[in-house]
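Participant: I would like the atomic coordinates for the input below:
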Amino acid sequence: MQYELLLYFIIFLYGTVFGSFLNVLIYRLPLKENIATEHSHCMTCGAKIQWYDLIPLVSYIVLGGKCRHCKAKISAQYPIIEAANGIGYVIVFLVNGFNPTSIIMCFTFSIFIVISVIDWRTYEIPFSLNIAIGVLAVIRIILDHKNLLEYLIGFCAISGFMLLCLYIGRAMKGIDAFGGGDIKLMAFAGLLLGWKRIILAFLIGCILGAVIHSIRMKVTKAEHVLAFGPYLCAGLTIAMLFGTNIINWYLGIMGF
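Facilitator: Numbers count the residues shown, from 1 in each chain. Modelled structure (predicted):
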């Protein structure tokens, strides 16, 4: 028991470290900044941040949420993303066990976090993130090549439907039913999860988007246009972790 707790704590630490990198992606990808060579710096004064101020969670607490140099407030996003990614990694291994698929799921979960935040802010999903999901999907298929057809159908199942809706919406009303980034997301995610779980993910994403955004429009006077990516990513995460159980439960109550 103590060994397992220690192992999960190490997984959490790895998750927070990688979560620190996710913050870099969230800020730099929309600005087209280099994510590899440019040093971390204060968003207010531009001062270079030393390594001891980049320790996930700890540095934020030690600095009191302020820049060491200019004392400007550091966004709470940093520790939130780090903690969320660490917790997410632990949940993945708790649900899926210790195997190569869980590692793929962890990286996928991290990408979903980055997509959600960027799309929420900019209404765009960087193509590079969708490609990253595609790479993980290829690795997953190699590990589970016997179910190749299921993954290939998953690539088209929802993305094809969304693409059809896009063309119909443009032809009839001159509006885009879905964004191109959303369609690519569901294509590569479908290749990763297979057709059953991608359909479930889409249904969950639509329900969450309809309910939560309706509440936001009522309470905060948010615009009718919504960033669909975060809701899709929530649905994808649920389907990725619990999709098989949910599908089997549904088929069971339907008598199949």
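Participant: what average pLDDT does stretch 154-164 get?
Facilitator: Stretch 154-164 shows a mean pLDDT of 95 in the predicted model.
Participant: what does that stretch contact?
Facilitator: 177-178, 182-184, 186-188, 190-199, 201-202 (CB atoms under 8 Å, 6 or more residues apart in numbering). Heads up, the C-betas are built off the backbone N, CA and C, glycines and all.
Participant: ok, the most centrally placed residue in the chain - contacts?
Facilitator: Residue closest to the average C-alpha location in the chain (CA atoms, centre = their mean): Phe112, at 0.8 Å. Listed by CB under 8 Å, 6+ apart, the contact set of Phe112 reads Cys233, Leu236, Thr237.
Participant: can you pick the most crowded of these?
Facilitator: With neighbours taken as other CB atoms under 10 Å, the top of the contacts of Phe112 is Leu236, carrying 30 neighbours.
Participant: separation between that residue and Ile115?
Facilitator: In this view, Leu236 and Ile115 are 9 Å apart by CB to CB, to the nearest Å.
Participant: do the same with Leu129
Facilitator: 5 Å.
Participant: and Lys184, by the same measure?
Facilitator: Separation of Lys184 from Ile115 (CB to CB): 11 Å.
Participant: who has more neighbours out of the two?
Facilitator: Neighbour count, other CB under 10 Å: between Lys184 and Ile115, Ile115 has more, with 30 against 20.
Participant: so which helix or strand takes in the more buried one?
Facilitator: helix 100-122 (DSSP states H and E).
Participant: report the buried residues of that helix.
Facilitator: Residues 101-119 are the ones in helix 100-122 that count as buried (16 or more other CB atoms under 10 Å).
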